[in-house]
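In: Predicted model, plus sequence, below.
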Amino acid sequence: MRKFMIDIINEMDISPNATRVGVVQYSSQVQNIFSLKQLITHEEKIKAIKGIIPLAQGTMTGLAIRYAMNVAFSAEEGARPNVPHVAVIVTDGRPQDRVAEVAAAARESGIEIYAVGVARADLTSLRAMASPPFEDHIFLVETFDLIHQFGVQFQDKLCSKYIFLILLLQ
C-alpha cells in the first residue's frame, strides 16, 4: 500500500502551483496524515506515508468521504477553486456505514472518485463510491502486495490531469 502511494507521488509534479497531495487514513475514525496545504518536501511526504500506523478496526468509508468533502477539500486545507478535486479511496472490506448518499454528494460537489478495492472488497460498494465510467474509476486487486502493479496504469490516469489527490486508506 505504501509503495503504491509513494509510486504515485513520485510521478507527480507536486508544488503549490501544480498538483497538491493530501493523505487521510481511515478505519472507524479518520486521521489526517498531511493536508493539501502542507507544503512539506517530497521526502517528508514519503516519510509520513512510511510512518502510517494502522488505526483501530472498522471500515467507515462514508465517514472518510464526508471528511474529504467537508474538510480535506476545503479552501482552509489547501483546495483551490477551478482545479479538479480527485479522491482515491482504498478499501479492503465492505463499508460499515452508508456510502452511496455521501459519495453521490461528493461527486455532485465536483469530486472525482476512484475506488480501489483490495482482497475481499465489495464491488457493489466500490460502484456506489466511484465516479462513472466505472471501468475507468474502479480497480480491484487480490492483495495489498499486488496493488503496486496498478501503479503505472493508475498514474497515467491521474497524472494526465492537473489535480488535487487525496488518498483514503484503511
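Out: That came through fine.

In: Once you drop chain neighbours, what's closest to Ala68?
Out: Beyond its immediate neighbours in the sequence, the residue positioned closest to Ala68 (C-beta to C-beta, 6 or more residues apart in numbering) is Ala87, lying 5.2 Å away. All C-beta spots, glycine's among them, are computed from the backbone N, C-alpha and C.

In: I'd assumed Ile65 was in contact with the one you found.
Out: Yes: taking contact to mean C-beta atoms under 8 Å, the distance of 7.2 Å between Ala87 and Ile65 places them in contact.

In: Give the residue from these two that has the larger number of neighbours.
Out: Here Ala87 and Ile65 are compared on neighbour count by other C-beta atoms under 10 Å; more neighbours surround Ile65, at 31 against 28.

In: State the distance from that one to Ala72.
Out: Taking C-beta to C-beta, to the nearest Å as the measure, Ile65 and Ala72 are separated by 10 Å.

In: picking that back up, paired strands for the host helix or strand of the residue nearest to Ala68, with orientation please.
Out: In this assignment (DSSP states H and E), Ala87 forms part of strand 85-91. Each strand pairing with strand 85-91, determined using DSSP bridges, is listed with its direction: strand 111-118 (parallel), strand 164-169 (parallel).

In: May I have the predicted confidence score for the residue nearest to Ala68?
Out: Here, the pLDDT recorded for Ala87 equals 91.

In: Repeat that for Asp156.
Out: 59.

In: mean pLDDT for the strands paired with strand 85-91: which is lowest?
Out: Note on those: lowest mean pLDDT is at strand 164-169, with a mean of 53.

In: and the closest residue to Thr19 other than its chain neighbours, how far is that from Gly110?
Out: Sequence neighbours aside, Met12 is the residue nearest to Thr19 in space, at 4.8 Å (criterion: C-beta to C-beta, 6+ apart). Applying C-beta to C-beta, the value for Met12 to Gly110 is 20 Å.

In: Cool, thanks, signing off.
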